[in-house]
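[1] here is a sequence with its predicted model. Questions after.
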Amino acid sequence: MELFENAFERAFRAEIRHFLAAELPGSLKKKVMEFQRLERADFVLWHNTLADHGFAGPAWPKEYGGPGWNAMQRKIFDEECFLAGAPRLIPHVNMICPVLQRYGSEAQKERFLSRIWRLKDWWCQGYSEPGAGSDLASLQTRAERRGDVYVVNGQKTWTTWAHWADWMFCLVRTDSGKPQASISFLLIDMKAPGVTVRPIISTDGVHDLNDVFLDDVEVPVSMRVGEENHGWTIAKYLLTHERTDLAGVGLCKRFLHFAKQVLAPRMEAPEPADLRLRDRLRELELDVKAHEWTVLRVISADDHGESAGAAASILKIRSTELQQAITALMLDCGGPQSLRHLRQAREVAWESGPGAVLPVSAMQHALAAHYLDWRKVTIFGGTTEVQKNIISKTVLGL
Ligand SMILES: Cc1cc2nc3c(=O)[nH]c(=O)nc-3n(C[C@H](O)[C@H](O)[C@H](O)COP(=O)(O)OP(=O)(O)OC[C@H]3O[C@@H](n4cnc5c(N)ncnc54)[C@H](O)[C@@H]3O)c2cc1C
């Protein structure tokens with residue numbers, strides 16, 4: 001494993017930094033850096049800027065028009081984007097694209113891939129159900145084959161951005177046999193009759209999540225990916241991509257940088273509480289460095305053709321634990337004024353100031369909502385407990 005970047009990688013980093021300095025709109029950067037909520041249009045704008053430069057799908061192979069970057073280049077790109085304050089890549093793009101590229105029919109690739117490259121279609125993930133989260137294989141949504149269509153009935157839940165989505169990739173039961181051997185992977189048009197989306201408001205007061213009800217929704221058989229009843233293999237393939245994408249080194253570094261900036265002026269005449277915050281910050285900086293080395297080890301294994309295996313679960317646990325510890329530190333650095341949870345503080349139009357509820361900056365008010373928002377990361381993409389089960393089975397052989 002290489003701990004230091006070589007000349008090629010340093011030049012690549014400089015190229016990405018230059019691209020971001022030139023192309024990332026100041027208004028978008030401000031929103032991201034000040035913890036404002038991004039709208040669909042913000043993501044579309046940034047995604048298309050990336051597409052113009054060939055960067056919209058960092059993991060896309062060259063044969064599909066992607067940059068063909070190796071794992072190290074992807075890590076550098078990811079890190080520089082986070083540090084610069086760019087909006088994150090839409091996670092669903094990184095989930096459905098590898099699936100279509102590997103398992104999709106030619107017609108599906110033809111129809112969807114170029115539209116995803118330009119974010120003309122927004123996708124959501126229809127895996128979880130009220131009784132099937134960690135135990136995904138127990139899902140109950142049924143798809144009954146009638147001629148050229150499946151008729152789908154059931155409920156999906158926690159579906160991120162379903163209210164913005166044009167399409168949903170969805171796991172459905174197509175047989176009554178063994179749970180894992182009776183699931184199929186369907187692509188469902190969110191405008192089809194029988195699809196109803198109902199908001200779920202999360203703990204930070206925001207609407208990202210939804211319930212999706214499917215009542216007699218007709219889905220053409222041509223919208224099934226892979227063979228009937230072979231959806232479990234595809235579902236697992238997609239989840240590995242989801243977890244590897246969650247390494248988040250750049251994000252952790254940006255958040256630590258924020259905490260450092262807030263603490264810096266207080267270090268001239270620090271109170272004991274400030275010194276304790278500084279110690280936490282230093283400890284977390286070391287933890288992020290160690291996490292980064294684990295990421296580099298995984299990348300190095302990848303270069304040698306070894307599969308990520310349980311490493312994806314290890315990275316998921318560690319990065320999300322760090323993100324939660326760092327967002328807690330950020331909140332504490334903001335001081336007592338930040339503890340008040342003002343949902344509207346993350347809306348762009350909202351300004352604190354003279355006559356406002358508290359005489360502190362909008363950014364400081366946003367920290368509590370930001371902290372609450374980050375509690376979710378140890379749940380989605382597979383909970384920490386479930387990742388530990390995977391590690392114990394694959395690494396410890398238990
Ligand atoms: C913000 C957010 C966004 C999400 N977005 C989506 C989305 O877009 N699409 C989608 O399909 N899903 C989405 N999810 C759902 C997510 O995948 C599930 O919440 C997750 O898989 C856990 O399932 P559950 O909520 O049903 O909890 P459960 O599976 O009911 O788990 C409850 C608790 O029991 C523990 N537990 C469960 N089984 C075991 C076990 N075998 N051993 C040890 N402990 C166990 C869990 O760790 C957890 O602490 C999202 C979730 C969140 C929070």
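    Structure received.
[2] burial count for Lys156?
    Using other CB atoms under 10 Å as the criterion, Lys156 is surrounded by 27 other residues. Bear in mind the C-beta positions are built from the backbone N, C-alpha and C, glycine included.
[3] go on, Ile16?
    For Ile16, the tally of surrounding residues (other CB under 10 Å) stands at 20.
[4] now for Ile116, how many residues are close by?
    Counted with other CB under 10 Å, residues neighbouring Ile116 total 23.
[5] equivalent analysis for Ser128, please.
    Burial measure for Ser128: 18 neighbouring residues, criterion other CB under 10 Å.
[6] contact partners for it?
    Residues touching Ser128, when contacts are defined by CB atoms under 8 Å, 6 or more residues apart in numbering, comprise 136, 156-159.
[7] how much space between it and the ligand?
    3 Å (CB to the nearest ligand atom, to the nearest Å).
[8] which residue ranges of the chain form helices?
    For the chain, the helices identified by DSSP state H occupy 7-23, 26-33, 40-52, 71-84, 91-103, 106-117, 231-244, 249-263, 272-303, 311-334, 362-373, 384-394, in order along the chain.
[9] quick one: closest of those helices to the ligand.
    With CB to the nearest ligand atom as the measure, helix 384-394 is the member of the helices of the chain nearest the ligand (3.4 Å).
[10] give me the contacts around that closest one.
    134, 243, 309-310, 313-314, 316-317, 320-321, 378, 382, 398.
[11] what do you get for stretch 197-204?
    Where contact means CB under 8 Å, 6+ apart, the residues beyond stretch 197-204 that reach it are 157-159, 162-163, 190, 207-213, 341, 343, 346, 369-370, 372-373, 375-376.
[12] tell me the mean pLDDT for that stretch?
    In this model, stretch 197-204 carries a mean pLDDT of 94.
[13] okay, buried residues for it please.
    Judged by neighbour count using 16 or more other CB atoms under 10 Å, the buried positions of stretch 197-204 are 197, 204.
[14] what do you get for stretch 98-106?
    The neighbour-count criterion (16+ other CB under 10 Å) identifies 98-101, 103-104 as the buried residues of stretch 98-106.
[15] farthest pair in those residues?
    Considering CB to CB, no two members of the buried residues of stretch 98-106 lie farther apart than Pro98 and Gly104, which are separated by 10.0 Å.
[16] buried subset of the contacts of Ser128, written for PyMOL?
    Selection of the buried residues among these in PyMOL, burial being defined by 16+ other CB under 10 Å:
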select buried, resi 136+156+157+158+159
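[17] got the residues of the stretch 101-250 of the chain near the ligand?
    124-128, 133-134, 158-160, 209 (CB under 6 Å from any ligand atom).
[18] what about Ser176, how many residues nearby?
    The burial count assigned to Ser176 is 8, neighbours taken as other CB under 10 Å.
[19] want to throw the helices of the chain into a markdown table with mean pLDDT?
    Conversion of the helices of the chain to a markdown table gives the following (pLDDT from 0 to 100):
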| stretch | mean pLDDT |
| --- | --- |
| helix 7-23 | 97 |
| helix 26-33 | 92 |
| helix 40-52 | 96 |
| helix 71-84 | 92 |
| helix 91-103 | 90 |
| helix 106-117 | 95 |
| helix 231-244 | 80 |
| helix 249-263 | 92 |
| helix 272-303 | 90 |
| helix 311-334 | 92 |
| helix 362-373 | 83 |
| helix 384-394 | 92 |
